[in-house]
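Asks: 3D model of this:
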Amino acid sequence: MKQYFSFQWHITDECDQRCKHCYIFSENCNKKLDAMSWQQMQDTFYNCLDFCAFYDRLPYFYITGGDPILHPDFWKLLGLMKQHSVPFTILGNPFHLTDEVCRRLKEYGCEKYQLSIDGLRETHDWFRKPGSFDITLEKIGCINRAGIRSVVMTTVSGTNIDEVPGIIDAVVAAGANVFAFARYCPTSEEKDVGIEPLRYRKLLADCDKKFKEYEAAGCQTYFNKKDHLWTLYGYETGAFKIPEAVEDGMIYGGCNCGNCHLKYLGKIGRFARKRLTRLRSGVYHICIDPCAEGGTHDDPNRHCGR
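Replies: Next up is the predicted model:
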C-alpha cells in the first residue's frame, strides 16, 4: 500500500477567538484577515494531487485556519475532496459544531476533528474566550456521535504546564478519542512563557505515569506522544532502544516536514513557496523560496538553508 503525504492547509485567518498565543495575531493585533480565494484553493488542491502523483504518495489534508468552517467556500472545498476520494482532518473551533454539521462532515469524508484545550477552565478561557472550555468538552461528544474521531491538542507553555495532568483527566472524562500535547514556540515579544528543560522532562514523566494508569484501567483514549522529546525520554528510561542493525546516519524522532508532511500557509500577496527535491537517500528535502507572489528563482540550491 502506498504511503500518505499530508498537507496542513491554512485556508483562512477568520476565527471566533483571539487566542493570546496564536501566531496569526501574535505581533499585529490589527492585521488584515486573509483568506484564500476559491481559485487559489482549487489550484493548491490540484498542485498537491500532482505532487503526490509524482512522488507516488496518497494525499491527506489537515484543513485549518483560523477556523476553516468560517471560509465561505469551506463546504465547496470538502465537496472537491469527496469528488477525488481524498481523506482529511479538520483543525478548528467547537462553536459551529452541531450533530447535523458533524454528520455532514462525516459524509464528506472527515476522519478526525481536532480541538484545543490549553488549560483548565479559568486558564483556557483566559487564553481563548469565556465559555470556550466547557463548550469544547461538550462538542467532543458531538464529534464522536457522528463517527468522527475526536482529537484534543494542548499547547504547553510556562503558563499552563502545571495544569496538563488535570487537562488529561478532563479530556478522558469527556470521551476524547485522542489526546496529545506539544511545546509552545514563543514569539519574539514573549520572554516569560518558556519551560526549563528539567521541568519539561518532569512533565513527560508525570504524563507517562498517568497514561499508563489510564491504559491499565481500560481507558479508550489514545495518548499520542507527539512531541519529539518523547523519543529521547523513552531512550533515557529504556522504553526505546536503537536497533542493533541500524544504518549509519539514521535519525529517530524529529520533524517529519518534507518526509511525509508539509504546511501550506495560503496567504494573499507575499508568501513562501516550498520546493521539494528527492535526495539520493530517498528523503525529501524542503527549500524555502521567499519570493514575492509570481516570482521565481531558477537556482534550486538558493535559499536551501541546509
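
Asks: Now do the SS call for Y113.
Replies: Using DSSP: H, G, I helix; E, B strand; the rest coil, the structure places Y113 in strand.

Asks: change the start of the numbering to 37 and stick with it
Replies: Will do, 37 is the new start, and the previous item becomes Y149.

Asks: In contact with it: list those residues for me.
Replies: Contact analysis of Y149 by C-beta atoms under 8 Å, 6 or more residues apart in numbering lists T125, I126, G128, L133, C138, L141, I179, I184, R185, S186, V187. In short, each C-beta sits where N, CA and C put it, glycine included.

Asks: Can you check my assumption that the fourth one lies in a helix?
Replies: No. With three-state DSSP as the criterion, L133 is assigned coil and is not in a helix.

Asks: what's the burial count for it?
Replies: Neighbour count of L133, defined by other C-beta atoms under 10 Å: 24.

Asks: Once you drop chain neighbours, what's closest to it?
Replies: Spatially, and ignoring its direct neighbours in sequence, L133 is nearest to K175 (4.7 Å; C-beta to C-beta, 6 or more residues apart in numbering).

Asks: Do I have it right that that neighbour meets H132?
Replies: No. Between K175 and H132 there is no contact under C-beta atoms under 8 Å: 9.5 Å.

Asks: Which one of the two is surrounded by more residues?
Replies: A direct count of neighbours by other C-beta under 10 Å for K175 and H132 places K175 higher, at 22 against 13.

Asks: In stretch 87-102, which residues are buried?
Replies: For stretch 87-102, the neighbour count (16 or more other C-beta atoms under 10 Å) marks F87, C88, R93, P95, Y96, F97, Y98, I99, T100, G101, G102 as buried.

Asks: Keep only those of those that are in strands.
Replies: P95, Y96, F97, Y98, I99, T100 (DSSP state E).

Asks: Out of those residues, which one has the lowest pLDDT?
Replies: Across these, the bottom pLDDT score, 91, is held by T100.

Asks: Enumerate every residue touching the residue nearest to that residue when sequence neighbours are not counted.
Replies: Distances taken as C-beta to C-beta, 6+ apart put L127 closest to T100, at 3.9 Å, once the chain neighbours are dropped. By C-beta under 8 Å, 6+ apart, the residues touching L127 are Q44, Y98, I99, T100, G101, P104, Q150.

Asks: What's opposite the last one in the beta bridge?
Replies: With beta bridges defined as DSSP bridges, Q150 has these partners: L127, V187.

Asks: Ok, the second one next?
Replies: Beta-bridge partners recorded for Y98 (DSSP bridges): Q44, T125.

Asks: Next, the contact list for it, please.
Replies: Residues counted as contacts of Y98 (C-beta under 8 Å, 6+ apart) are S42, F43, Q44, W45, F124, T125, I126, L127, Q150.

Asks: redo that, cut-off 10 Å
Replies: Shown in contact with Y98 (C-beta atoms under 10 Å, 6 or more residues apart in numbering): 42-46, 104, 124-127, 148, 150, 297, 299-300.

Asks: Narrow the residues you listed to those that are buried.
Replies: With neighbours counted by 16+ other C-beta under 10 Å, these contain buried members at 42-46, 104, 124-127, 148, 150, 297, 300.

Asks: and H160, what is it in contact with?
Replies: Each residue near H160 by C-beta under 10 Å, 6+ apart is listed here: 55, 152-154, 168-170, 172-173, 190, 196, 199, 203, 206.

Asks: which SSE is the closest residue to it other than its chain neighbours in?
Replies: The spatially closest residue to H160, leaving aside those adjacent along the chain, is F169, at 4.2 Å (C-beta to C-beta, 6+ apart). Per DSSP states H and E, F169 falls inside helix 168-181.

Asks: Is Q44 in contact with C84, as I believe?
Replies: No. Q44 lies out of contact with C84 (C-beta atoms under 10 Å); the separation is 11.2 Å.

Asks: If you count contacts, what does the longest helix anywhere in the chain end up packed against?
Replies: The longest helix of the chain (DSSP state H) is helix 233-252. The contact analysis (3 or more C-beta pairs under 10 Å, 6 or more residues apart in numbering; DSSP states H and E) places helix 233-252 against strand 185-192, helix 200-210, strand 214-219, strand 258-259, helix 265-273.
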